[in-house]
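Asks: Quick one, what's the 3D model for this:
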Amino acid sequence: MTAVVPPAPYRVAGARAETGDTRSIELLPTGRELPPFSPGQFAMIYAFGVGAAPISVSALRGPHGGLVHTVRAVGAVSTALYGLRPGDGVGLSGPYGTGWDLEAAAGHDVLVVAGGIGLAPLRPVVHEVLDRPAGYGRLAVLVGTRTPADLVYRDEVESWCARARVEVTVDRPGPGWRGSVGVVTTLLDRLDLRPDRTCALVCGPEVMMRHTARDLVARGLAPHRIQVSLERNMHCATGHCGHCQLGPLLLCRDGPVVGYDRVADLLLVREL
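Replies: Numbering: from 1, shown residues only. Sure thing, here's the model as predicted:
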């Protein structure tokens with residue numbers, strides 16, 4: 001029988017409101033420290049007395065040197081995590097799943113396409129490319145949100161503009177919004193895309209990822225050069241419960257990051 005490893009004790013070192021229902025929490029170990037995470041991987045975060053949820057890492061090193069996770073309050077566990085304040089304790093296990101294949105992107109233009117809080121798992125990718133510009137080609141970051149108020153990491157996104165091509169679009173503009181309006185795929189028309197020299201990394205609602213990937217293929221990008229993060233219904237993190245099954249894949253184990261060439265046909269099957 002495989003031994004069950006209990007979650008490691010961590011404490012909240014810092015918390016930052018991103019939007020009205022989304023908060024980033026930085027976690028530091030108070031005892032056993034977990035192995036290093038890679039961009040795109042996730043942890044199981046345990047809110048004591050409530051339950052656990054799989055949350056992708058949104059920064060490998062926060063202001064206090066800890067892991068950062070961005071949580072949107074949509075259920076009992078995520079609402080409990082959203083309410084954490086500095087000094088509060090949680091349990092943490094991981095790292096789980098596959099990360100973004102940055103080795104495949106080395107030397108290539110990197111295109112990051114995010115929908116809503118899907119920017120969180122992609123944020124460490126942007127950090128990596130900006131920190132090692134000689135290792136990659138051009139960086140473009142396209143972000144789509146419901147409203148201007150739903151944009152996470154607003155100040156940081158604005159700072160990226162000095163070193164990368166950054167475009168933001170919203171579904172519903174608010175007062176004073178002078179940017180783009182429409183789905184995120186409309187932003188692709190603004191890019192000087194070099195399909196044979198580009199790796200695309202996509203995360204967001206599944207319908208958004210499906211349309212973005214299909215649009216990129218239509219523009220000449222090979223499916224194996226497109227990576228998507230499919231975090232649908234992950235529950236146990238160890239491939240045992242089957243909640244996250246997509247055809248032959250168990251996404252908590254075989255994903256969440258997978259090549260679009262592996263899942264293109266699967267994503268077309270209704271209710272799979």
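
Asks: Domains of this structure: list them as residue ranges, please.
Replies: According to automatic domain parsing, the chain comprises the domains 8-96, 102-268.

Asks: quick one: low-confidence parts of the stretch 151-272 of the chain?
Replies: Residue ranges of the stretch 151-272 of the chain with pLDDT under 70: 270-272.

Asks: before we move on, the earlier item: as TSV, the domains of the chain with mean neighbour count would be great.
Replies: Any C-beta I mention is one placed from the backbone N, CA and C, and that applies to glycine too. Formatted as TSV, those follow (neighbours: other CB atoms under 10 Å):
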stretch	mean neighbour count
domain 8-96	18
domain 102-268	18
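
Asks: who touches the spatially closest residue to residue 82 that is not a sequence neighbour in this structure?
Replies: Spatially, and ignoring its direct neighbours in sequence, residue 82 is nearest to residue 73 (3.9 Å; CB to CB, 6 or more residues apart in numbering). Residue 73 makes contact with 21, 22, 23, 79, 81, 82, 83, according to CB atoms under 8 Å, 6 or more residues apart in numbering.

Asks: what's the nearest residue to residue 56 if we skip its chain neighbours?
Replies: residue 121 is the one closest to residue 56 (CB to CB, 6+ apart), at 3.9 Å.

Asks: So which of the contacts of residue 73 are in strands?
Replies: 22, 23 (DSSP state E).

Asks: Can you tell me which of the contacts of residue 73 is nearest residue 104?
Replies: Closest approach between these and residue 104, by CB to CB: residue 22, at 29.9 Å.

Asks: got the contact list for the closest one?
Replies: Here residue 22 is in contact with 70, 71, 72, 73, 82, 117, 152 (CB under 8 Å, 6+ apart).

Asks: From residue 131, how far out is it?
Replies: Distance from residue 22 to residue 131, counting by CB to CB, to the nearest Å: 25 Å.

Asks: before we move on, what about residue 258?
Replies: Taking CB to CB, one finds residue 258 at 25 Å from residue 131.

Asks: Then residue 137?
Replies: Taking CB to CB, one finds residue 137 at 15 Å from residue 131.

Asks: mind checking which helix or strand the nearest residue to residue 268 once chain neighbours are set aside is in?
Replies: Nearest residue to residue 268 in three dimensions, chain neighbours excluded: residue 210, at 7.9 Å (CB to CB, 6+ apart). Using DSSP states H and E, residue 210 maps to helix 206-218.
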